[in-house]
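Undergrad: Please work out how this folds:
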Amino acid sequence: MLDLRQLRYFSAVAETEHVGRAAEQLHISQSPLSRQIAQLEKNLGLTLFERSQQRIRLTRDGAIFLSEARALLRHADRLENLGRRLGRGEEGGLCIGYAADAMHTGVLPGALRRLQEESPGIHVALYSMPAAEQFEGLRQRSLDIALVREPPDRDDPVLRAAPLLEDPLLLVLPAGHPLAADETITAKDLDGQPWIAVEEPGDPVWRDTFVASCVASGFTPDIRLDAADPLTALGLVASGLGLALVQKSMVRGATDAVAVRALPWYEASVRLWAVWHHVDLRPVVAAFRETVLSAERELGEGPLPGGLSGGV
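TA: Numbering: from 1, shown residues only. As a prediction, this is how the structure comes out:
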């Protein structure tokens, strides 16, 4: 049987790569920490760390074990959170997993606002995590609902899903760019332009997918920078460093330093799905799911930044 305390010790040493610093972080002395790590390795029959006089670092097997250990510890934290809420009589508590898009599209904040208005006493715990971890959380019942960019497999025996919205991608370019004066932009206009590619968390081939979609639409992007998220991409575009494709919900708050155009010939969007366990154990979960599914998806209908309609 795995000892969660030992797993937490192991995770701390792996993160710091130093027993002394890990001991300070955990508020224990080095000797018992070293003994606990050694005991864990003995119990597993596995060498987790390579040790030298200068440092301690994970073995290849240790790195694989760390990934799973972190997932287990996160699940344990959520389970403890649930148990404490139940212990306090908060049967209406909710654990919600979400992707960043659920926040900036307004879907999750809107649903939480309605929940607070209708049931102000319900405690909500939010967890930002990859879709695969959200699905596992639903299966283990440590999450009540997941908001993700991709649904689970259709033949999944446990999980159910429903689409929430499609957030179309728009072209964002510096306000001073020559193309900013054009109401209509073609694929040929974009060929060879400097681009800022926006990462898709959890997708290891996101860059290849982006380039392939551009080529299929008739242009080849010259990717100069990778942005970790749409907001970062908007900032880089505003600084004149390239063009980007950003979902509609994000450009509403953009500055006059960027221009926005719809590309009717480039049909791509960011999708959001609600996913849940097929068995409802608590009425509050079903009620909140209905709130999410019925919520209005208002992405805004006002003019785009810089007074440009962009055909939207």
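
Undergrad: alpha carbons only for contacts and neighbour counts from here, please
TA: Noted.

Undergrad: Go ahead and list the helix or strand containing residue 246.
TA: Residue 246 belongs to strand 244-247 when assigned by DSSP states H and E.

Undergrad: What helices and strands are in contact with that strand?
TA: With contacts defined as 3 or more Cα pairs under 8 Å, 6 or more residues apart in numbering; DSSP states H and E, strand 244-247 has these neighbours: strand 159-174, strand 194-198, helix 230-238.

Undergrad: Sheet-wise, list the partners of it with their directions.
TA: For strand 244-247, sheet partners with direction are given as strand 159-174 (antiparallel), following DSSP bridges.

Undergrad: so after the partner strand, what's the next helix or strand?
TA: Tracing the chain C-terminally past strand 159-174 and defining elements by DSSP H and E, one meets helix 187-190 next.

Undergrad: Let me see the mean pLDDT of that next one.
TA: Mean pLDDT, computed over helix 187-190, is 94.

Undergrad: Please compute how far stretch 3-18 lies from its chain's middle.
TA: Mean-position distance between stretch 3-18 and its chain equals 25 Å (Cα atoms, centre = their mean, to the nearest Å).

Undergrad: residues in contact with that stretch?
TA: The set of residues external to stretch 3-18 that reach it, using Cα atoms under 8 Å, 6 or more residues apart in numbering, is 19, 21-22, 25-26, 33, 36-37, 40, 55-58, 66, 69-70, 73.

Undergrad: For that stretch, C-alpha coordinates in PDB please.
TA: Taking only C-alpha atoms (Å, rounded to 0.1, in the frame of the first residue of the first chain), the coordinates of stretch 3-18 have been written out as PDB:
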ATOM      1  CA  ASP A   3       2.000   5.900   1.800                       C
ATOM      2  CA  LEU A   4       0.700   9.400   0.700                       C
ATOM      3  CA  ARG A   5       3.200  11.000   3.100                       C
ATOM      4  CA  GLN A   6       6.100   9.300   1.400                       C
ATOM      5  CA  LEU A   7       4.700  10.300  -2.000                       C
ATOM      6  CA  ARG A   8       4.600  14.000  -0.800                       C
ATOM      7  CA  TYR A   9       8.200  13.700   0.400                       C
ATOM      8  CA  PHE A  10       9.200  12.100  -2.900                       C
ATOM      9  CA  SER A  11       7.500  14.900  -4.900                       C
ATOM     10  CA  ALA A  12       9.200  17.600  -2.800                       C
ATOM     11  CA  VAL A  13      12.700  16.100  -3.200                       C
ATOM     12  CA  ALA A  14      12.100  15.600  -7.000                       C
ATOM     13  CA  GLU A  15      11.000  19.300  -7.400                       C
ATOM     14  CA  THR A  16      14.000  20.800  -5.400                       C
ATOM     15  CA  GLU A  17      16.600  18.100  -6.400                       C
ATOM     16  CA  HIS A  18      18.000  18.700  -2.900                       C
END
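
Undergrad: What is the neighbour count of residue 135?
TA: 24 (other Cα atoms under 10 Å).

Undergrad: Give me the distance between it and residue 80.
TA: The span separating residue 135 from residue 80 equals 19 Å under the rule Cα to Cα, to the nearest Å.

Undergrad: what's the answer for residue 153, then?
TA: The gap separating residue 153 from residue 80 is 29 Å, by Cα to Cα.

Undergrad: And for residue 60?
TA: Going from residue 60 to residue 80 by Cα to Cα gives 30 Å.

Undergrad: Before I go, just wanted to say thanks for your time.
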